[in-house]
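K.L.:
coords below, sequence missing:
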């Protein structure tokens, strides 16, 4: 693989490291270090916390640096993984102060169910007592209608609500 740029490697206490997006962001780096379990081998790591980590063992120092560099440039071309729970809770947290995102109803059904679950978790008591903000009640109704439409169309499986039954003791 041809790489767009080589890194400036810095000698650290027990390794050589390069910081492609600046050394202030120390969780986004590539590094190489001697790998002691195997004679004259080097461990390499390309890592961006929360996005990707790739590592391996190379026969020599230059090979380790090349592999780490290639891994970095390969991995930064991938999509950042989405934190679905964070996105859903962010929408719920902002529902009273910001309009809902225009793209909400184009999301997949599982995401809509997650948002609805969080809304009910936060606002169910207020909705039951009739003191909830109109925009929250409207959003809950819209989400329920959209989820029902998708269930009817077969795009989404109906979630089974588990309601525990009272335990009855048998007399002996």
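P.N.:
Nice, I can see it. Only a predicted model underlies this, so the values are computations on that prediction, with no experimental measurement involved.
K.L.:
which residue is nearest the middle of this protein?
P.N.:
residue 83 (2.8 Å; CA atoms, centre = their mean).
K.L.:
Any idea how many residues pack against residue 132?
P.N.:
Per other CB atoms under 10 Å, the neighbour tally for residue 132 reads 18. Where you see a C-beta, it was placed from the backbone N, CA and C, and this is true even at glycine.
K.L.:
Need the pLDDT of it.
P.N.:
Looking at residue 132, its pLDDT is 89.
K.L.:
Show me how this structure divides into domains.
P.N.:
The record's domain split for the chain, according to automatic domain parsing, is 10-75, 84-152.
K.L.:
Highest mean neighbour count out of those domains?
P.N.:
Ranked by mean neighbour count, the domains of the chain are led by domain 10-75 with a mean of 16 (mean count of other CB atoms under 10 Å).
K.L.:
Could you tell me how far residue 35 is located from residue 56?
P.N.:
Using CB to CB, to the nearest Å, residue 35 is found at 10 Å from residue 56.
K.L.:
for residue 28, same thing?
P.N.:
Taken as CB to CB, the span from residue 28 to residue 56 is 19 Å.
K.L.:
shouldn't residue 20 be in contact with residue 69?
P.N.:
No: between residue 20 and residue 69 there is no contact under CB atoms under 8 Å: 9.1 Å.
K.L.:
which neighbours do those two share?
P.N.:
Jointly contacting residue 20 and residue 69 under the rule CB atoms under 8 Å, 6 or more residues apart in numbering are 7, 30.
K.L.:
give me the low-pLDDT residue ranges for this protein?
P.N.:
Along the chain, segments meeting pLDDT under 70 span 1, 159-172.
K.L.:
switch the cut-off to 50
P.N.:
Nowhere does the chain drop to pLDDT under 50.
K.L.:
For it, which segments count as strands?
P.N.:
10-11, 16-18, 28-35, 41-48, 52-58 (DSSP state E).
K.L.:
how about these in JSON lines, adding distance to residue 116?
P.N.:
Listed next are those as JSON lines, based on distance: least, CB to CB, whole Å:
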{"stretch": "strand 10-11", "distance to residue 116": "49"}
{"stretch": "strand 16-18", "distance to residue 116": "45"}
{"stretch": "strand 28-35", "distance to residue 116": "35"}
{"stretch": "strand 41-48", "distance to residue 116": "33"}
{"stretch": "strand 52-58", "distance to residue 116": "31"}
